[in-house]
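# Okay, predicted coordinates and the sequence, questions at the end:
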Amino acid sequence: MPNKLRAAIIGPGNIGTDLLMKAMRSEWIEPVWMVGIEESEGIKRAREFGMKTSTSGVDGLVPHMKEDKIDFVFDATSAYVHAENSRKVNEQGAIMVDLTPAAIGPFCVPPVNLQTLLEEGRKENVNMVTCGGQATIPMVNAVSRVQAVEYGEIVATVSSKSIGPGTRKNIDEFTRTTAAAIEQVGGADKGKAIIVVNPAEPPLIMRDTIHCLTKEQPNQERITESVQDMVKEVQKYVPGYTLKNGPIFDGNRVTIFMEVEGLGDFLPKYSGNLDIMTAAALRTAEMYAEAMANGDI
Amino acid sequence: MNYLGKKITLHDMCLRDGMHPKRHQISLDEMIDIATGLDDAGVPLIEVTHGDGLGGTSVNYGFPAHSDEEYLSAVVPKMKNAKVSALLLPGIGTVDHLKMAADLGVSTIRVATHCTEADVSEQHIGMASQMGLDTVGFLMMAHMISTEDLLEQALLMESYGANCIYCTDSAGYMMPHDVTERVSLLRNRLKPTTELGFHGHHNLGLGVANSMAAVEAGANRIDGSAAGLGAGAGNTPLEVFAAVLHRMQADTGVDIFKLMAVAEEKVIPLMDELVRVDRDSLTLGYAGVYSSFLLFAKRAGKKYGVPSQDILLEMAKRKAIGGQEDLIEDVAMEMAKAQQS
């Protein structure tokens, strides 16, 4: 068993807590700090899990980072404060894994481009796009790696309870960031993202529909195979990532229907949208940790 | 109630909601022709865009014959008195679309959310209101929640800067007493300066009756559509409601005979199929399903050999809301699989 690399999480809300619970099981990452801006339920929980805590924001963490050998910091706050957090932890030599839609660093969707990012060497900041992006971009890429995709569009339907105030205040950020990553990581010439927030009780499990318009007639057999392979890749870190229907083909349209059920660590199972974010972020840090342990980075 | 001299703003939907039955294929010339006709008939406010609002252009909702920019650029300069409005659904359109529409001369922005999700509209309502636009908060599928819950959401939109709040019966499910309860509570609890509106669908044939209930409970803006061209069994037929208001001696500023002529001579000939209460559109109203699902269910039903009425009932059972058109094909496929086994 290698020495685990040590991490801090900023943001003791639902996402931060879920990430913490996943990280405590990691073979590569050891969570040490939870950072909030005030005393809260999340901070209390983290303390109960044995974390060191700061209630004075990232400034409460920074003086201890070197001494506690913090190599990774996860930011689960909001795009508005992310840039400042990132600068401060980078100064202390840690890599920032960004779960906000700030997108300062390169987009990372693990089964699609994490290997490429690792080969490029150390990054100061990697961005996890959005929940909808993590759930759908692997599918866009599963099509675009077979043949050119002129247009990629995703529709993410999430339960009302799984969408926090930060996302609600700036829903355009979701739309823009996801669309950009459909192009940059998914490989579509043009991307579009739509999000629908449904309040039904009991809450619905995250659903995602992925539409790709291919330039040439789609190769049905190869696309179907590629989609199934990609589903398995995502299932390695999100076991509840399920192909419900498709791919179906209609002229140049390829449509894929997914459902994402979470592990239910801290967030309920229906909020697969949040689970896929925390799982992807942890997987990213683990792969960096492994590369660092092997001396590749 | 005494309608005598009461000022009511009629808002035409046939060039936006009417895009649904036209699969978003209305041509620029047709838009100009109808909009100038409505303008000439004294209709004060006309909505123009993709059926799903600004940015609705998509595989999911349909690619339109022309972009929102093209439609707005064609129609706005031709208006003598009428103003043009645009709809925006956060999650589909963004503030960039909003700015574009304002730059092209749109005077009214209507920010639409599902009736429980008003807080996704803060960004858009805030910006429209700061830009000095007539800013409307549009609470869709308002039948799905209680009157008190609707009020809470309306208060949020008002606090973000909306100067008018709509009770929107997207499924054409409401009865007149549902409208009365909702609009009355909004009237009692929102600021007296905040206008109230009602948007109906004619799926139960109640568009006109519900619009009257809304006016009587304190709404002063009513949506309708010439010849009823709109999603499902269409919107409240505007010329019918205008004629009723005329008989009641309300003040709409609309020449009802000119409006009847627009409906009869320009809008009816445009319809691919007559927009009316048929089995499927009645099912929307009966079960409380989002009206724009109609054609999607018909298409998916045909493709997968499942009755479209059953698809719509399943959508109701799953509590699907506006924007979930993608679920229809998925549901049809599942129903087809279940039929086989």
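Nice, thanks for sending it over. Not measured: the values here are computed from a predicted model.
# got the CA positions of the helix or strand of chain B with the lowest mean pLDDT in CSV?
Using mean pLDDT, DSSP states H and E, helix B:325-340 stands out as the lowest-scoring helix or strand of chain B, at a mean of 95. What follows is helix B:325-340, C-alpha atoms only, in CSV (Å, rounded to 0.1, in the frame of the first residue of the first chain):
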residue,chain,number,x,y,z
GLU,B,325,-39.7,16.5,-24.1
ASP,B,326,-36.7,14.1,-24.1
LEU,B,327,-38.5,11.8,-21.7
ILE,B,328,-41.3,11.1,-24.3
GLU,B,329,-39.2,9.0,-26.6
ASP,B,330,-37.6,7.2,-23.7
VAL,B,331,-41.1,6.4,-22.2
ALA,B,332,-42.4,5.3,-25.6
MET,B,333,-39.5,2.9,-26.0
GLU,B,334,-40.1,1.4,-22.6
MET,B,335,-43.8,1.0,-23.2
ALA,B,336,-43.1,-0.7,-26.6
LYS,B,337,-40.7,-3.1,-24.8
ALA,B,338,-43.3,-3.8,-22.2
GLN,B,339,-45.9,-4.5,-24.9
GLN,B,340,-43.6,-7.0,-26.5
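# Can you give the contact residues for that helix?
Under the contact criterion Cβ atoms under 8 Å, 6 or more residues apart in numbering or on different chains, helix B:325-340 has outside partners A:155, A:157, A:207, A:209, A:244-245, A:248, A:255, A:257, B:60-61, B:292-293, B:296-297, B:300-301, B:303-306, B:310-311, B:314-315, B:318, B:320. Where you see a C-beta, it was placed from the backbone N, CA and C, and this is true even at glycine.
# Among the residues you listed, which ones are in helices?
Those of the contacts of helix B:325-340 mapping onto helices are B:293, B:296-297, B:300-301, B:303-304, B:310-311, B:314-315, per DSSP state H.
# which stretches of chain B form strands?
Here chain B has its strands, by DSSP state E, at B:9-12, B:45-47, B:83-88, B:108-114, B:134-140, B:164-168, B:195-199, B:221-224.
# Start from the N-terminal end of the stretch 1-150 of chain B and give the helices.
Ranges of helices in the stretch 1-150 of chain B, per DSSP state H, counting those that start in this stretch, are B:28-40, B:68-75, B:95-103, B:122-130, B:147-160.
# Quick check: residues of the stretch 1-150 of chain B near chain A?
B:58-60, B:90-92, B:94-96, B:114, B:116-117, B:119-120, B:122-124 (Cβ under 8 Å from any Cβ of the partner chain).
# And those residues, which of them are buried?
For the residues of the stretch 1-150 of chain B next to chain A, a neighbour count by 16 or more other Cβ atoms under 10 Å in any protein chain shown gives the buried set as B:58-60, B:90-92, B:94-95, B:114, B:116-117, B:119-120, B:122-124.
# Report the helix or strand with the lowest average pLDDT across chain A.
Going by mean pLDDT, DSSP H and E, chain A bottoms out at helix A:165-169, a mean of 86.
# Buried residues in that one, which are they?
Neighbour-count burial for helix A:165-169 [16+ other Cβ under 10 Å]: A:166-169.
# Of these, which are in range of chain B?
Among the buried residues of helix A:165-169, the residues lying close to chain B (Cβ under 8 Å from any Cβ) are A:168-169.
# from the buried residues of helix A:165-169, which single one is nearest chain B?
Each of the buried residues of helix A:165-169 was checked against chain B using Cβ to the nearest Cβ; the closest is A:Arg168, at 4.7 Å.
# circling back to that earlier point, would you list the buried entries among the ones in helices among the contacts of helix B:325-340?
By 16+ other Cβ under 10 Å, the ones in helices among the contacts of helix B:325-340 give B:293, B:296-297, B:300-301, B:304, B:310-311, B:314-315 as buried.
# Identify the farthest-apart pair in the residues you listed.
Within those, B:Phe293 and B:Tyr304 form the most distant pair, 15.1 Å apart (Cβ to Cβ).
# Show me the strands in chain A, by range?
Counting by DSSP E, chain A has these strands, from start to end: A:5-10, A:29-35, A:52-54, A:70-75, A:95-98, A:125-127, A:149-159, A:188-198, A:206-214, A:241-250, A:253-260.
# Tabulate those in JSON lines, adding columns for mean pLDDT and distance to B:Leu206.
Below are the strands of chain A laid out as JSON lines (pLDDT from 0 to 100; distance: least, Cβ to Cβ, whole Å):
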{"stretch": "strand A:5-10", "mean pLDDT": "97", "distance to B:Leu206": "53"}
{"stretch": "strand A:29-35", "mean pLDDT": "98", "distance to B:Leu206": "55"}
{"stretch": "strand A:52-54", "mean pLDDT": "97", "distance to B:Leu206": "58"}
{"stretch": "strand A:70-75", "mean pLDDT": "97", "distance to B:Leu206": "51"}
{"stretch": "strand A:95-98", "mean pLDDT": "97", "distance to B:Leu206": "51"}
{"stretch": "strand A:125-127", "mean pLDDT": "97", "distance to B:Leu206": "50"}
{"stretch": "strand A:149-159", "mean pLDDT": "97", "distance to B:Leu206": "29"}
{"stretch": "strand A:188-198", "mean pLDDT": "98", "distance to B:Leu206": "26"}
{"stretch": "strand A:206-214", "mean pLDDT": "98", "distance to B:Leu206": "32"}
{"stretch": "strand A:241-250", "mean pLDDT": "97", "distance to B:Leu206": "36"}
{"stretch": "strand A:253-260", "mean pLDDT": "98", "distance to B:Leu206": "35"}
